[in-house]
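*Asks:* okay, predicted coordinates and the sequence, questions at the end:
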Amino acid sequence: MERAVRESQIAVARAMTQAQAMNTTSTPLDHLRDWVGRHEQRDDTVTAAPLAGLIATLDRIDDPVPATGTALPPLAHWLYFLPQAPQREIGADGHAQRGGFLPPVPLPRRMWAGGRLSFAHPLRVGEAVTRRSTIASVDAKQGRSGALVFVTVAHEISSAQGVAIREEHDIVYRDHPAADAVPPAAALAPTDAQFSRALVPDPVLLFRYSALTFNGHRIHYDRPYVTEVEGYPGLIVHGPLIATLLVDLLRRERPGIELKQFDFKAASPLFDTDPFTLCGKREPDGSFALWARNHLGQLAMSARAVTA
């Protein structure tokens, strides 16, 4: 009985995502560009519990217990300003249905493609904070694997001290690949790391990060969905989790370091089916090159960190 119910759920999800793909031509890019310039504001309070959860998830056993006044490490602001769409508004992929603040891109696959961040001062536990967001651009491209739409959202996060973080967040939407399509080969990762850390992702790690960020995207926890509907070989490691792990690698290598800028770009997905390695090196200009490579030596994410 449970198997029959599960198969029915998968069939419904597949039909819904296929319907989204079929509607691609009914939502022209010109219409999607109407979303450029749209604004959204969210208010929140930096609380200790999400930070404590992130510390546990990253295995930072020597970090003190967060308390009022504790500074957030870089990228921990992603634990706040979380989307809270009602359950009835959730789409087949686990995200909120499209067409609110973000444009209703009809392509069914959605991923975090990268970002660029600058840090003026740390946010601290106990502070009231505000995030002002603007749709900066909507662009369509034709990639090796088919149609792509990139949406860039600009965020400005402030506390009583003023703007603390400026961020540009890139989202990519893709169509389902053809049944006979061969995935494009990923580029090889650099081999000149000066420091590194190997990790074995598992469903618990992915679930904990999804829970911390209130991320319902099924590609991170629902194996039948991600393999049978979206066609991936396993659960996908979150892009922001990989970025957070790269920053964590730098913090482990250079304790007390003050991050001023961080840029990252996803190159290929990582899955819970294989280990991956976080790598870094110091560049001649004093910045740090950071990257994640998969078990085949291919590049999964590249990043650059500038410190004070």
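*Replies:* It's in. Predicted model, so just to flag it, every value in this text is computed and none were measured.

*Asks:* use CA for all of it now, contacts and neighbours both
*Replies:* Fine.

*Asks:* what about Gly99, distance to Leu148?
*Replies:* Gly99 is 18 Å from Leu148, where distance means CA to CA, to the nearest Å.

*Asks:* whoops, I mixed them up, Lys281
*Replies:* For Lys281, the distance to Leu148 - CA to CA - is 32 Å.

*Asks:* next, Asp248: phi, psi?
*Replies:* Asp248 has phi and psi values of phi -60, psi -40 when expressed as degrees, to the nearest 10.

*Asks:* just give the nearest non-adjacent residue to it, would you?
*Replies:* Leu58 (7.9 Å; CA to CA, 6 or more residues apart in numbering).

*Asks:* tell me how many other residues crowd that neighbour.
*Replies:* 14 (other CA atoms under 10 Å).

*Asks:* give the buried residues for the helix or strand hosting Asp170.
*Replies:* Element membership of Asp170 [criterion: DSSP states H and E] is strand 162-174. Within strand 162-174, the residues scored as buried using 16 or more other CA atoms under 10 Å are Val163, Ala164, Ile165, Arg166, Glu167, Glu168, His169, Asp170, Ile171, Val172, Tyr173, Arg174.

*Asks:* using CSV, list the CA coordinates for that strand.
*Replies:* Provided in CSV are the C-alpha atoms of strand 162-174 (Å, rounded to 0.1, in the frame of the first residue of the first chain):
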residue,chain,number,x,y,z
GLY,A,162,23.6,50.5,9.3
VAL,A,163,24.1,48.2,6.3
ALA,A,164,26.0,45.1,7.4
ILE,A,165,25.8,42.9,4.3
ARG,A,166,25.3,43.5,0.6
GLU,A,167,24.6,40.4,-1.5
GLU,A,168,23.8,39.5,-5.1
HIS,A,169,22.1,36.1,-5.3
ASP,A,170,22.0,34.2,-8.6
ILE,A,171,19.2,31.6,-9.2
VAL,A,172,19.2,29.4,-12.3
TYR,A,173,16.2,27.6,-13.7
ARG,A,174,16.6,24.7,-16.2
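
*Asks:* okay, now the unreliable bits of the stretch 101-250 of the chain?
*Replies:* The model of the stretch 101-250 of the chain has pLDDT under 70 over residues 145, 179-181.

*Asks:* the helices in it, which residues?
*Replies:* Remark: helices assigned in the stretch 101-250 of the chain by DSSP state H, counting those that start in this stretch are 203-212, 223-224, 239-253.

*Asks:* TSV for those helices, including mean neighbour count?
*Replies:* What follows is the helices of the stretch 101-250 of the chain, written out as TSV (neighbours: other CA atoms under 10 Å):
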stretch	mean neighbour count
helix 203-212	18
helix 223-224	18
helix 239-253	20
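
*Asks:* what's the closest of the ones you listed to Gly53?
*Replies:* helix 203-212 (7.0 Å; CA to CA).

*Asks:* domain assignment for the chain?
*Replies:* In the domain annotation for the chain, the residue ranges read 2-182, 185-201+237-308 (automatic domain parsing).

*Asks:* right, so of the ones you listed, which gets closest to Val229?
*Replies:* It is, among the domains of the chain and with distance given as CA to CA, domain 2-182, at 5.2 Å.

*Asks:* contact partners for Asp202?
*Replies:* With contacts defined as CA atoms under 8 Å, 6 or more residues apart in numbering, Asp202 is in contact with Asp272, Thr273.

*Asks:* tell me which of Gly99 and Leu148 has more neighbours.
*Replies:* When Gly99 and Leu148 are compared for neighbours, Leu148 comes out ahead with 19 against 12, by other CA under 10 Å.

*Asks:* isn't the more buried one up against Val172?
*Replies:* Yes - between Leu148 and Val172 there is a contact under CA atoms under 8 Å: 6.7 Å.

*Asks:* might you report the residue contacts of Gly166?
*Replies:* Careful, residue 166 is Arg; it's not Gly. Leu117, Ser118, Phe119, Ala154, His155, Glu156, Ile157.

*Asks:* try it again with 6 Å
*Replies:* Leu117, Ser118, His155, Glu156 (CA atoms under 6 Å, 6 or more residues apart in numbering).

*Asks:* cool, Leu278 as well?
*Replies:* Contacts of Leu278 by CA under 6 Å, 6+ apart are Ser196, Arg197, Ala292.

*Asks:* tell me the pLDDT of it.
*Replies:* pLDDT, Leu278: 98.

*Asks:* can you pull up the bridge partners for the spatially closest residue to it that is not a sequence neighbour?
*Replies:* Among residues not flanking Leu278 along the chain, Ala292 sits closest, at 4.6 Å (CA to CA, 6+ apart). Beta bridges link Ala292 to Leu278, Met301, judged by DSSP bridges.

*Asks:* distance of Ala292 from Pro184?
*Replies:* 18 Å.

*Asks:* the two - which one has more neighbours?
*Replies:* Ala292 (29 against 9).
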